[in-house]
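Okay, here's the prediction I keep looking at, along with the sequence it came from:
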Amino acid sequence: MSAPVQVLVVGFEEPSFSGEVVAELGRLGGAGIVRLVGVLLVRRDDDGTFETLDPPQDFDPELGRVATTILGEGVEGADDGDGWSLADIVDPGSIAAVALIEHMWAGPLVEAIGAAGGRPLGEMWLSPEDRARIPVSSSDPD
């Protein structure tokens, strides 16, 4: 069974590299929820070109190579034929982290959907404004 892998692109004006995000991914990995497959830092210059940045100190540089191998030319902003590229979402003059996150929890769900004859048609993240409109259950932790 293969778990779904998400390409998550996070933009930064000035990244702090404080380690908080990596620590949270480590915590989620330790709980068997996700696995960080790869991550790559890129800067998009004002002229629109992309530059790959060195990973923060104490960060596994191999993760950047994995992301580059899997995403290929899409990392540098070229449309790979499916209509997606970094050039579409990373603003000139900014920095982005491109992370490949395997959602271990979702493998059984995807398998069950397939066994029922279904197939995923799309996905998206709700905006913070939409999430704020979701009622909080009385069984949710504070």
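Ah, there it is.

Do you have the helices of the chain handy? List them.
Counting by DSSP state H, residue ranges of the helices within the chain are 20-30, 62-71, 107-115, 128-132.

need the helix or strand of this structure with the lowest average pLDDT.
helix 62-71 (a mean of 81; mean pLDDT, DSSP states H and E).

quick one, that helix and helix 20-30 angle?
80 degrees (axes from the mean of the first three to the mean of the last three Cα atoms, to 10 degrees).

and the helices of the chain, which is most packed in?
Mean neighbour count (mean count of other Cβ atoms under 10 Å) peaks for helix 62-71 among those, with a mean of 16. (C-beta placed from N, C-alpha, C; glycine too.)

This structure: strands as residue ranges?
Assigned by DSSP state E, the chain shows strands spanning 5-12, 34-44, 50-53, 94-103.

Put together a markdown table for these, with mean pLDDT, distance to Gly72 and mean neighbour count on each row.
Supplementary listing: the strands of the chain in a markdown table, determined by pLDDT from 0 to 100; distance: least, Cβ to Cβ, whole Å; neighbours: other Cβ atoms under 10 Å:
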| stretch | mean pLDDT | distance to Gly72 | mean neighbour count |
| --- | --- | --- | --- |
| strand 5-12 | 90 | 12 | 14 |
| strand 34-44 | 89 | 12 | 20 |
| strand 50-53 | 88 | 13 | 15 |
| strand 94-103 | 91 | 12 | 19 |
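
so can I have a markdown table of the ones you listed showing distance to Pro128?
Listed next are these as a markdown table, based on distance: least, Cβ to Cβ, whole Å:
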| stretch | distance to Pro128 |
| --- | --- |
| strand 5-12 | 14 |
| strand 34-44 | 21 |
| strand 50-53 | 27 |
| strand 94-103 | 19 |
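
quick one: which of the ones you listed is nearest Trp125?
Nearest to Trp125, of all the strands of the chain, is strand 5-12, at 9.2 Å by Cβ to Cβ.

what angle sits between that closest one and helix 20-30?
Going by the same axes, to 10 degrees, strand 5-12 makes 160 degrees with helix 20-30.

any idea how far Arg131 is from Val10?
For Arg131, the distance to Val10 equals 17 Å [Cβ to Cβ, to the nearest Å].

All set now, cheers.
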